[in-house]
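K.L.:
A structural model of the following input is requested.
(one chain, ligands or ions: 1)
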Amino acid sequence: MTNPTTSSTQRERFVQTLTEQMAKLAETVSLWVSSEPRTLGEMELHSMRVLKDLGASMLTGLCHLYSPSYPAPTSACACGQDATFVRRRPATVKTVLGAIRVVRP
Ligand SMILES: [Zn+2]
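P.N.:
Got it, this is the predicted structure:
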């Protein structure tokens, strides 16, 4: 499903942010693994932990991209009248990648 209101600038920012995070992460884990002897089990756990954090960050970014920059001023309400857009509310959502913070209409 494509979101026509997601601008290419927002997508570019998302890609750039994620790329920078991945580069920083690669730097950090390579220092971590060579700082002292590590077992495969330690590397496995460490990889899972940092990838979960990166995944949560990616998921937050995806939610941000999915949410339109300029919400419609009104939307159809179940009662048949128009509901007026008031504000976005912050929410913390539990996901398989941990709790993420998003804004929702
Ligand atoms: Zn209504």
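K.L.:
quick one: low-confidence ranges for the chain?
P.N.:
Within the chain, the segments meeting pLDDT under 70 span 1-6, 105.
K.L.:
residue most distant from the centroid, it?
P.N.:
Each residue of the chain has a distance to the centre, and by C-alpha atoms, centre = their mean the biggest one is for residue 80: 34.2 Å.
K.L.:
that one belongs to a helix, doesn't it?
P.N.:
No. Using DSSP: H, G, I helix; E, B strand; the rest coil, the assignment for residue 80 is coil, not a helix.
K.L.:
relative to residue 73, how far out is it?
P.N.:
From residue 80 across to residue 73, the span is 18 Å (C-beta to C-beta, to the nearest Å). C-beta: built from backbone N, CA, C; applies to glycine.
K.L.:
now do the phi/psi pair for the residue farthest from the centre of the chain.
P.N.:
Backbone dihedrals for residue 80, given as degrees, to the nearest 10, come out at phi 100, psi -20.
K.L.:
for the one 4 residues further on, same thing?
P.N.:
Backbone dihedrals for residue 84, given as degrees, to the nearest 10, come out at phi -90, psi 130.
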